[in-house]
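Trainee: what's the 3D shape of this:
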Amino acid sequence: MKIQAAVTPKTGHPFEITDIELPELGPKDVLIKVTASGICHTDVSGRDTGMVNPPAVLGHEGAGIVEEIGSEVTELQKGDHVVVSFASCGKCDNCLANHPAHCRYYADLNLNSHIDQDTNKLVSRFFGQSSFATYSLVNKRNVVKIDKDMDLALAAPLGCGLQTGASTVLNVLKPKAGSSIAVFGVGAVGLSAIMAAKIAGCEHIIGIDLHENRLELAEELGATATIKSGKDVEIAEKIKDITGARVQNVLDTTGVDMVIEQAVASLDTFGKLATVVTDYSLTIPLETLALGGISIVGTSQGDAIPQKFIPELISYYKKGQFPFDRMVKFYEFEQINEAFEESENGSVIKPVLKMN
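Mentor: Numbering: from 1, shown residues only. Predicted coordinates for the structure are as follows:
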């Protein structure tokens, strides 16, 4: 099947919209007419770092309408509105224990994409979907059916970044009502975490970032206080000034070692820090962890089960508790390079491409 896709021709090169071929529909596959696709930091990494094997098609926050289903697909039908999330095998011990985001084969199933140059066929799909395209062929496990009264284009970014931030708070950190949390980095993941912390009933919700505009939005979305970070800013001391103590929970979305050192210093005894970043390394004295009873936990996708969690986020959105539309800016498909540029320079928090 011939489709249009935004192709990454070489590592670090701008996208080029061109025709490619999709593989044949398999028995467990779903063909989706893509309505929209969010742009996430992982797409930037896929374009620039050699994560994928160009020429490739990125995109992993797709949403659209079911066009065709394979012979073994019983959960969906043509015309269903769906959000597409990450791929998982469904057979390994972690998948069977309801931790698909920690699938044993996560890297193989998600972190590659390639177009065969002899056939022009997309033979490997990014996060099992490669949604920077007019159509996407995915395994049924990637697909989340949503109500038709939800704006499909707006729902697209729920499949990764927003899910990650919110689920890390609600399903990994699990803060108690009345507790405190600090969120380091308030981009799309961090702002989603702040909204989730408000849903959880946290008393102190502190957002930390370099950008004033993001801190202002953080306060509008639920942060009870914000701190503008900088080289000479003692974040831990400022947090104590705000709360009168340290915090019980921290989410770091930056991966920067100096920031995480400040984050650990902000934790109270038996505090817990969650990190969602994979790009960096970190060194922390074990004494700090042992004497403070501090836990550091890594998580992929907030350990979410998309088929359960994404409908929950939509329900929160409809109730006015998760107003993620405040961080979204829409672009036409042809504006993909502009959307990436504005995401990288910080002027836009969550760009979403709308397919024609």
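Trainee: what's the burial count for P9?
Mentor: Number of residues near P9 (other C-beta atoms under 10 Å) recorded here: 13. In short, each C-beta sits where N, CA and C put it, glycine included.
Trainee: ok, T11 next?
Mentor: T11: 15 surrounding residues under other C-beta under 10 Å.
Trainee: now N120
Mentor: Applying other C-beta under 10 Å, we find 13 residues neighbouring N120.
Trainee: any idea how far it is from P55?
Mentor: 9 Å (C-beta to C-beta, to the nearest Å).
Trainee: cool, Q248 as well?
Mentor: In this view, Q248 and P55 are 47 Å apart by C-beta to C-beta.
Trainee: for A182, same thing?
Mentor: Distance of A182 to P55, computed by C-beta to C-beta: 42 Å.
Trainee: what about the two, which has more around it?
Mentor: Neighbour totals were compared for A182 and P55, and A182 leads with 32 against 21 (other C-beta under 10 Å).
Trainee: on the three-state scheme, the residue nearest to the more buried one when sequence neighbours are not counted is what?
Mentor: Nearest non-adjacent residue to A182, counting by C-beta to C-beta, 6 or more residues apart in numbering: I206, 4.4 Å away. Three-state call for I206 (DSSP: H, G, I helix; E, B strand; the rest coil): strand.
Trainee: so what's the residue count around I206?
Mentor: Each residue near I206 was counted by other C-beta under 10 Å, and the total is 26.
Trainee: ok, it - contacts?
Mentor: I206 makes contact with 180-183, 223-227, 239, 242-243, 247, according to C-beta atoms under 8 Å, 6 or more residues apart in numbering.
Trainee: same thing with E219?
Mentor: E219 makes contact with 207, 225-226 under the criterion C-beta under 8 Å, 6+ apart.
Trainee: list of residues touching stretch 192-202?
Mentor: 161-170, 174-181, 183, 186, 205, 207, 218, 221-223, 249, 251, 253, 316, 321-324.
Trainee: try stretch 21-28
Mentor: If you take C-beta under 8 Å, 6+ apart as the criterion, stretch 21-28 is touched by 1-3, 31, 68, 70-73, 119-123, 135, 137, 139-140.
Trainee: same thing with stretch 163-180?
Mentor: 85, 181, 188-193, 195-197, 199-206, 243, 245, 247-249, 251, 253, 272, 274, 276, 297, 299, 301-304, 306, 309-310, 313, 322.
Trainee: tell me the domain boundaries of the chain?
Mentor: In terms of domains, the chain is parsed into 2-159+323-354, 164-300 (source: the TED database).
Trainee: start to end distance for the shortest one?
Mentor: Taking C-alpha to C-alpha, to the nearest Å, the first and last residues of domain 164-300 lie 7 Å apart.
Trainee: what is the mean pLDDT for that domain?
Mentor: Averaging pLDDT along domain 164-300 yields 95.
Trainee: also the longest one?
Mentor: This predicted structure assigns domain 2-159+323-354 an average pLDDT of 98.
Trainee: picking up where we left off before, which of the contacts of stretch 21-28 are buried? Put it as a ChimeraX command.
Mentor: Buried residues among those (16 or more other C-beta atoms under 10 Å), as a ChimeraX selection:
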select :3,31,70,73,122,135,137,139,140
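Trainee: in strands, which of the contacts of stretch 21-28 fall?
Mentor: Using DSSP state E, 2-3, 31, 68, 121-123, 135, 137, 139 are the members of these that sit in strands.
Trainee: format those as a markdown table; extra columns: distance to L109.
Mentor: Shown next, in a markdown table, are the ones in strands among the contacts of stretch 21-28 (distance: C-beta to C-beta, whole Å):
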| residue | distance to L109 |
| --- | --- |
| K2 | 25 |
| I3 | 21 |
| L31 | 18 |
| E68 | 22 |
| K121 | 18 |
| L122 | 15 |
| V123 | 14 |
| Y135 | 20 |
| L137 | 14 |
| N139 | 9 |
